[in-house]
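Trainee: Okay, predicted coordinates and the sequence, questions at the end:
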Amino acid sequence: MRFLYLIYQWLIAAPLFIVATFITAIVTSIGSILLNGDFWGYWPPHYWSRFTCWIFLIRVKVKGRENIDKKTSYIFVANHQGAFDIFSIYGFLNHNFKWLMKKSLEKIFMVGAACRRANHIFVDDSKIAAIKETISKAESTLKDGMSLVIFPEGSRSWDGKMIPFKRGAFMLASEFNLPVVPVTIEGSFARMPRYTYQITPGKIILTIHHPILPGPKGFNTKQLMADCKTAIESGLKPENLGESSGQRVM
């Protein structure tokens with residue numbers, strides 16, 4: 001069965017995925033330029049993500065969707081197990097948002113340009129002025145239910161366990177003074193680990209936890225990090241608990 005799936009993955013699903021990605025990038029770019037980046041920056045990629053999971057035989061189960069309101073703006077903070085994290089959130093969170101993404105991702109052919117035109121937020125954390133510019137841009141965007149998604153680990157895990165969070169992501173989150181929603185992604189590492197392009201069909205569980213609300217004086221960054229980590233860990237399997245070794249699991 002594994003051999004048959006690999007044939008299907010590379011000869012059928014992968015070509016469909018490539019075509020769908022380029023079509024989505026084109027539609028997103030044109031729609032964002034001519035019409036509305038908030039609409040066209042979300043809905044085409046939303047259906048692209050659901051289609052991607054479907055053709056690769058990935059099922060995504062969502063828990064806790066009742067914890068969020070579509071009309072409220074949030075900062076979503078999620079762990080980053082693998083490439084299918086993006087499809088899981090885009091396709092199944094069911095809440096309009098912008099990504100906070102590395103500046104280097106802007107160079108991805110067609111996709112980077114589409115993200116820029118859809119007003120996703122690229123951050124260059126090498127310069128203080130650039131971080132301040134990121135905050136300014138995000139503040140003008142995060143309103144009327146528009147939210148932000150952050151992977152505070154900064155990169156995908158090598159072994160399924162969480163990489164220590166980068167404080168900068170939480171400093172940004174505290175600047176916006178919006179409810180912060182921890183999100184657990186479990187199963188993405190098993191579907192496609194960072195070190196391979198081979199996919200294993202199966203299930204991913206997306207758990208949306210209760211929002212963490214800012215206090216009268218906003219957030220304490222250190223406490224916010226700890227609270228998000230605790231919430232995210234509560235949705236992980238035992239084998240994925242603990243701190244990542246930073247090495248490929250054998």
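Mentor: Everything's here; your move. Numbers count the residues shown, from 1 in each chain.

Trainee: Roughly how far does the residue nearest the centre of the chain sit from residue 120?
Mentor: Residue closest to the average C-alpha location in the chain (Cα atoms, centre = their mean): residue 86, at 4.5 Å. The gap separating residue 86 from residue 120 is 12 Å, by Cβ to Cβ, to the nearest Å. The C-beta positions use only the backbone N, C-alpha and C, and glycine is treated the same way.

Trainee: ditto for residue 74
Mentor: 16 Å.

Trainee: higher neighbour count, these two?
Mentor: Neighbours were counted for residue 74 and for residue 120 using other Cβ atoms under 10 Å; residue 74 has more, 26 against 23.

Trainee: Hmm, residue 182 and the more buried one touching each other?
Mentor: No - the criterion here is Cβ atoms under 8 Å, and residue 74 misses it with residue 182 at 10.5 Å.

Trainee: Now for these two: what residues contact both?
Mentor: Common contact partners of residue 74 and residue 182 (Cβ atoms under 8 Å, 6 or more residues apart in numbering): none.

Trainee: can you give me the strands in this structure?
Mentor: In the chain, the segments counted as strands under DSSP state E are 58-63, 75-78, 97-102, 121-123, 147-150, 180-186, 202-208.

Trainee: Which one of the ones you listed lies nearest to residue 1?
Mentor: Taking Cβ to Cβ, strand 202-208 is the member of these nearest to residue 1, at 12.6 Å.

Trainee: From residue 40, how far off is the closest residue to the residue nearest to the centre of the chain other than its chain neighbours?
Mentor: Distance criterion Cβ to Cβ, 6 or more residues apart in numbering; nearest residue to residue 86, sequence neighbours excluded, is residue 49 at 7.2 Å. Residue 49 sits 15 Å away from residue 40, going by Cβ to Cβ.

Trainee: show me where pLDDT drops low in this structure?
Mentor: 125-135, 137, 249-250 (pLDDT under 70).

Trainee: May I have stretch 232-241 as CSV, with CA atoms only?
Mentor: Extracted C-alpha coordinates of stretch 232-241, given in CSV (Å, rounded to 0.1, in the frame of the first residue of the first chain):
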residue,chain,number,x,y,z
ILE,A,232,-0.4,24.0,23.4
GLU,A,233,1.2,21.1,25.2
SER,A,234,-2.2,20.0,26.6
GLY,A,235,-3.2,19.0,23.1
LEU,A,236,0.0,17.1,22.2
LYS,A,237,0.5,13.3,22.3
PRO,A,238,3.0,12.1,25.1
GLU,A,239,5.7,11.4,22.5
ASN,A,240,5.6,15.0,21.3
LEU,A,241,5.9,16.6,24.8
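
Trainee: hmm, who's touching it?
Mentor: With Cβ under 8 Å, 6+ apart as the test, stretch 232-241 has contacts from 63, 77-79, 81, 160-162, 182-184, 186, 189, 205, 207, 209.

Trainee: OK, contacts around residue 42?
Mentor: Neighbour list for residue 42: 96-97, 118 [criterion: Cβ under 8 Å, 6+ apart].

Trainee: tell me how far the helix of greatest length in the chain is from the chain's mean position?
Mentor: Criterion DSSP state H: the longest helix present in the chain is helix 14-34. Put simply, helix 14-34 sits 18 Å off its chain's centre (Cα atoms, centre = their mean, to the nearest Å).

Trainee: List the buried residues for it?
Mentor: Within helix 14-34, the residues that count as buried by 16 or more other Cβ atoms under 10 Å are 17, 20-21, 24-25, 27-29, 31-32.

Trainee: hang on, residue 189 packs against residue 81?
Mentor: Yes - counting by Cβ under 8 Å, residue 81 is a contact partner of residue 189 at 3.9 Å.

Trainee: Please enumerate the shared neighbours of those two.
Mentor: Contacts common to residue 189 and residue 81, judged by Cβ under 8 Å, 6+ apart, are 157, 160, 240.

Trainee: quick check, nearest of these to residue 221?
Mentor: Among the shared contacts of residue 189 and residue 81, residue 157 lies closest to residue 221 (Cβ to Cβ), at 22.6 Å.
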